[in-house]
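> model the following, please.
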Amino acid sequence: MSENFKKSFGGGSRFPRSGGSRFSSGPRKYAGSSPRQGGRPGGRSRFSGPASTFDLSRFINKAVIIEEAPRFVPEHKFSDFALDERLKQNIIKKGYTDPTPIQDRSIPHVLRGDDVVGIANTGTGKTAAFLIPLINKVLLNRNERVLIMVPTRELATQINDELRGFTPGLQIYAATCVGGASIGPQMSDLRRKPQFVIGTPGRLKDLLERRALNLSTFTAAVLDEADRMLDMGFIADMRTILSLLPAPRHTLFFSATLSTEIERLIGEFLREPVRISVKTRETSANIEQDVVRVPRGANKLDVLHDLLVQPDFNKVLIFGRTKHGVEKLSKTLNDRGFKSESIHGNKTQNKRQKALDLFKRDHVQVLVATDVAARGLDIAGVSHVINYDLPSSHEDYIHRIGRTGRAGKKGKALTFVEA
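Residues are numbered from 1 along each chain as shown. Predicted coordinates:
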């Protein structure tokens, strides 16, 4: 553990430390999972159960300082791509010059009309990798229409915001169709025939049943975070919606992992897809991971309090397991003097967006979230991710901690373990 990290939690704790720091001094092996807590179909390892049933070393990783890290050198610049000049100017205004690996390798294929399967970690620029060439496709032919299917409302909103950033002055419009928001305005937006429709499977299916959405006019489809949609039980809806799109069509799949079920979908709906993988490692080298041991008999909330008063815990994303627990924790933190907001499935889309905006603009120190609500969040400058409740799987853990240590910055991820 780095000296700075020790100092950030040094002194003044109201709890015994059992031989030193409350953080673990290093990896410790624990017994394997019991049959009841075994892996999910498709190989998803579970973390449910008490601390004695999983390997704590999976939550521990010391950030390594590398003097000269290998630097990715793209084959292209955005100015090299065969894009409409107006779109190029908008890209420049957003400050984009060099593509990320997934953008560098995907954009030329999408521009050529190839079906693409893109495998990349979260936070690697996947959104721009499909938006930029698809916007260009619409500029070349105003009859083109694009359906983008995503697992959560937050990711849909994020994609819509990114789209708007690329399209000033281009007369390209989008409708965002998600649950938790009034369906009336979404139906009204669809009547205007927007070139892009961004939605979650449940709401898209609802709009199809109401005949407010007609997929026969769409020429391209994107499934973003396809693995997460599968995990959330949307596989039947995904298959139904894709089957309603006309053939041939331009289809893109982006995912962090590929399961057997996702491979079946690819086989059913994509034509000789180009497979692009730029996934290099599960977690960023910029993220220092450790566990917080909560001594038997200690108050877990007090342990969290002691962390949040430390000066470097300035923008903290806390994950809880249940909607009720997340809401209760956020209110309790507010009662203790911390500025906190929450996002979970019981909140309306407007309230979730307001909470997220307050956190992004540093008006609150803490955002408490469930896994589903936090999927697709892209928030700059998160100093710490805290797993107040254990994630249900290793994949969920990787996704959670990926909210920090972004854009080359250092981040810290802490997982509470009741000893």
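> can you pull out the helices in the stretch 1-150 of the chain?
Remark: helices assigned in the stretch 1-150 of the chain by DSSP state H, counting those that start in this stretch are 3-8, 85-93, 101-111, 126-140.
> per-stretch mean pLDDT over the ones you listed, give me the minimum one.
The minimum mean pLDDT among these belongs to helix 3-8 (a mean of 37).
> which ones are touching residue 245?
147, 215, 218, 221 (C-beta atoms under 8 Å, 6 or more residues apart in numbering). (Each C-beta comes from the backbone N, C-alpha and C, glycine too.)
> any stretches of the stretch 301-419 of the chain with poor pLDDT?
Counting by pLDDT under 70, the stretch 301-419 of the chain contains low-confidence residues at 373-376, 407-408.
> now the strands for it?
316-319, 340-343, 366-369, 384-387, 411-418 (DSSP state E, counting those that start in this stretch).
> those: which one's closest to residue 274?
Between residue 274 and those, the tightest spacing by C-beta to C-beta is seen for strand 411-418, at 32.4 Å.
> partner strands of the closest one, parallel or antiparallel?
strand 287-294 (parallel), strand 384-387 (parallel) (DSSP bridges).
> and of the strands of the stretch 301-419 of the chain, who's closest to residue 331?
Short answer: strand 340-343, nearest of the strands of the stretch 301-419 of the chain by C-beta to C-beta, at 7.9 Å.
> what is the closest one packed up against?
On a contact count with 3 or more C-beta pairs under 8 Å, 6 or more residues apart in numbering; DSSP states H and E, strand 340-343 meets helix 323-335, helix 349-360, strand 366-369.
> let me know which of the ones you listed is tucked in deepest.
Most buried of those, by mean neighbour count (mean count of other C-beta atoms under 10 Å): strand 366-369, with a mean of 26.
> list the strands paired with that one, with their directions.
In the sheet, strand 366-369 lines up with strand 316-319 (parallel), strand 340-343 (parallel) (DSSP bridges).
> can I get those in CSV including mean neighbour count?
Formatted as CSV, the strands paired with strand 366-369 follow (neighbours: other C-beta atoms under 10 Å):
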stretch, mean neighbour count
strand 316-319, 26
strand 340-343, 26
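> adding distance to residue 362, write these out as JSON lines.
JSON lines is the format used below for the strands paired with strand 366-369 (distance: least, C-beta to C-beta, whole Å):
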{"stretch": "strand 316-319", "distance to residue 362": "12"}
{"stretch": "strand 340-343", "distance to residue 362": "12"}
